[in-house]
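[1] here you go, sequence then predicted model.
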2 protein chains.
Amino acid sequence: MPEQTRKRRPYAPRVPAPERREQLLDAALTIIDRDGYDGVSIDAIAREVGVTRPVVYGAFDGLGPLLTALLDRQQQRALTQLYGALPLDALGSTPVAVVERAIPALHAMILADPVTWRAILRSPANVPDVVRERIEGDRTRVRQTIELMVTAVLAPGADGEVLAHAILAILDHFGQLVLAEPERFTADRLVASARAMIGAGQP
Amino acid sequence: MPEQTRKRRPYAPRVPAPERREQLLDAALTIIDRDGYDGVSIDAIAREVGVTRPVVYGAFDGLGPLLTALLDRQQQRALTQLYGALPLDALGSTPVAVVERAIPALHAMILADPVTWRAILRSPANVPDVVRERIEGDRTRVRQTIELMVTAVLAPGADGEVLAHAILAILDHFGQLVLAEPERFTADRLVASARAMIGAGQP
DNA sequence: CCAGAATGCTACATAGGTGTAGTAAATGGA
DNA sequence: TCCATTTACTACACCTATGTAGCATTCTGG
């Protein structure tokens, strides 16, 4: 009987459940960074870790819960970084001063953890609903924070809502530029342009 | 033999090839608008039209070529609209004047053909390569046009490249706001905010 | 009215993904 | 040492999508 047990797959190293969960989340993040959100699937994650699908199902209830857990893990990190970088104590400061503090801080923040920020900034509209709603919610909250800063710094008559949208759109796009070409888009360069935009004639 | 010909599918209306092609492109656009780019597939398009897949393959060589054809059709329309709305004769004008002309024009343009613009503005990173490259190329060209306008209007020392990125990011996002909530984000409101941003103290 | 061209359908093979039931191996404590 | 637990694997059933070969139907011009 030579063909009896035809090459059983070698066992992957046995790993306790909690550690396996972390490992799977890492794998998911790696895939997102390498192949984009489209590449993420239970199957791809299992392959990335060198394990079979049932192992993944043993650790998470499916792709949605897994990605939610991934967000849970990255979210605190990211938001902490972000709120640390935003000059929340902007009251009484000038717009230019705010920009000159915020942009370099955000620039450094992104380059310090590019994988996380690529996953957030490049997150497309087609991610699983759980993920999209989550990221959208965070964006909204950040935008509202920006709105507070805007109305604190600018004339009270300004349209804080729209300005906050515009600022976040710029920051978002600047972030993507930095991630794509860090050497070309330095903090100084972005600050200079931001300063030019707020109006060179500002006090 | 009662079960001999078990319900053959009723023939869809016969349509000459060129008309069928248009119909399929319309269906693809409808699906993109309704379900996003993820919903688009040969299968979905065939279903949308009420026809079987081989019919689609008879008209196009696959999803890539079909979407390319769709872009071909929408592109001229969109770019014509866009370059008509952009104040290319900006030299000698003030930034505020440029904004006051451009934003209402863009606003009207988007609301006049929301389906096309949703397909462009919401196009995510994960569309088929053909489409992504195409839209990216167009964006780059538009951005370069903006860069020309910027350097024409602003001080020659300004960083045209970064400013063009920022402006396009804002316009892009404003477009999405208008598409999402046209009543809330009127042209006037967006113009006012843009004016505030270029600096209230500008001449 | 009746070919033959044009158009549409069925059916199949292929590929990748989901989720699960049942089984096999490793591990640690009695 | 041996058994129970934990962990991992196999195998299957199912789904959706791609792409194609061959057959069926409709239409049109002679």
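    Thanks, I have the structure now. Numbering: from 1, shown residues only, chains lettered A, B, ... in the order given.

[2] measure A:V49 to DNA strand C for me?
    13 Å (C-beta to the nearest atom of the strand, to the nearest Å). C-beta here means a position set from N, CA and C on the backbone, and glycine is covered the same way.

[3] and that residue, how close does it get to A:S93?
    For A:V49, the distance to A:S93 equals 48 Å [C-beta to C-beta, to the nearest Å].

[4] got a list of contacts for the longest helix along chain A?
    Longest helix in chain A by number of residues (criterion: DSSP state H): helix A:129-153. Helix A:129-153 has contacts (C-beta atoms under 8 Å, 6 or more residues apart in numbering or on different chains) with A:64-65, A:67-68, A:71, A:75, A:79, A:82-83, A:86-88, A:90-91, A:93-95, A:98, A:120, A:123, A:125, A:127, A:158, A:160-161, A:163-165, A:167-168.

[5] quick one, what contacts the closest residue to A:D159 other than its chain neighbours?
    Among residues not flanking A:D159 along the chain, B:S193 sits closest, at 4.8 Å (C-beta to C-beta, 6 or more residues apart in numbering or on different chains). B:S193 makes contact with A:A158, A:D159, A:V162, A:L163, A:A166, according to C-beta under 8 Å, 6+ apart.

[6] pLDDT score for the third one?
    Read it as A:V162. Reading off the confidence values, A:V162 has pLDDT 96.

[7] tell me the contacts of it?
    A:V162 makes contact with B:L177, B:F185, B:R189, B:L190, B:A192, B:S193, according to C-beta under 8 Å, 6+ apart.

[8] which among those residues gets closest to DNA strand C?
    Among these, B:L177 lies closest to DNA strand C (C-beta to the nearest atom of the strand), at 33.4 Å.

[9] helix or strand for the closest one, which one?
    For B:L177, the element it lies in under DSSP states H and E is helix B:160-180.

[10] that helix vs helix A:160-180, what angle?
    130 degrees (axes from the mean of the first three to the mean of the last three C-alpha atoms, to 10 degrees).

[11] buried residues in helix B:160-180?
    The neighbour-count check on helix B:160-180 (16 or more other C-beta atoms under 10 Å in any protein chain shown) flags B:160-171, B:173-179 as buried.

[12] run a quick neighbour tally on the closest residue to A:D188 other than its chain neighbours.
    Spatially, and ignoring its direct neighbours in sequence, A:D188 is nearest to A:P104 (8.0 Å; C-beta to C-beta, 6+ apart). Close neighbours of A:P104, defined as other C-beta atoms under 10 Å in any protein chain shown, add up to 16.

[13] could you check the pLDDT of A:P104?
    A:P104 carries a pLDDT value of 95.

[14] how much space between A:Q74 and A:E22?
    As judged by C-beta to C-beta, A:Q74 and A:E22 stand 12 Å apart.

[15] please apply the same query to A:T151.
    A:T151 is 41 Å from A:E22, by C-beta to C-beta.

[16] wait, what's in contact with the residue positioned nearest the centre of chain A?
    Residue closest to the average C-alpha location in chain A (C-alpha atoms, centre = their mean): A:I120, at 2.6 Å. Applying C-beta under 8 Å, 6+ apart to A:I120 gives the contacts A:Q74, A:A78, A:I135.

[17] go on, A:V191?
    Counting by C-beta under 8 Å, 6+ apart, A:V191 has contacts A:V99, A:E100, A:I103, A:P104.

[18] report the buried residues of the helix or strand hosting it.
    Using DSSP H and E, the element containing A:V191 is helix A:187-197. Residues of helix A:187-197 classed as buried by neighbour count (16+ other C-beta under 10 Å): A:A187, A:R189, A:L190, A:V191, A:A192, A:S193, A:A194, A:R195, A:A196, A:M197.

[19] need the CA coordinates for it. CSV is fine.
    Backbone C-alpha positions of helix A:187-197 (Å, rounded to 0.1, in the frame of the first residue of the first chain) are rendered in CSV as follows:
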residue,chain,number,x,y,z
ALA,A,187,6.9,68.2,6.5
ASP,A,188,8.5,71.5,5.7
ARG,A,189,7.1,71.5,2.2
LEU,A,190,3.6,70.7,3.3
VAL,A,191,3.7,73.3,6.0
ALA,A,192,4.8,75.9,3.5
SER,A,193,2.0,75.1,1.2
ALA,A,194,-0.5,75.1,4.0
ARG,A,195,0.7,78.5,5.1
ALA,A,196,0.4,79.8,1.6
MET,A,197,-3.2,78.5,1.5
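
[20] now that helix: how far from the chain's centre is it?
    23 Å (C-alpha atoms, centre = their mean, to the nearest Å).

[21] and the angle for it with helix B:160-180?
    Direction vectors for helix A:187-197 and helix B:160-180, defined by the same axes, to 10 degrees, enclose an angle of 60 degrees.

[22] now the angle from helix A:187-197 to helix B:129-153?
    Going by the same axes, to 10 degrees, helix A:187-197 makes 60 degrees with helix B:129-153.

[23] go ahead and confirm A:F174 touches A:F185.
    Yes: judged on C-beta atoms under 8 Å, A:F174 makes contact with A:F185 at a distance of 7.2 Å.

[24] now which of the contacts of helix A:129-153 would you call buried?
    Counted by 16+ other C-beta under 10 Å, the contacts of helix A:129-153 give A:67-68, A:71, A:75, A:82, A:86-87, A:90, A:93, A:95, A:98, A:120, A:123, A:127, A:158, A:160-161, A:163-165, A:167-168 as buried.
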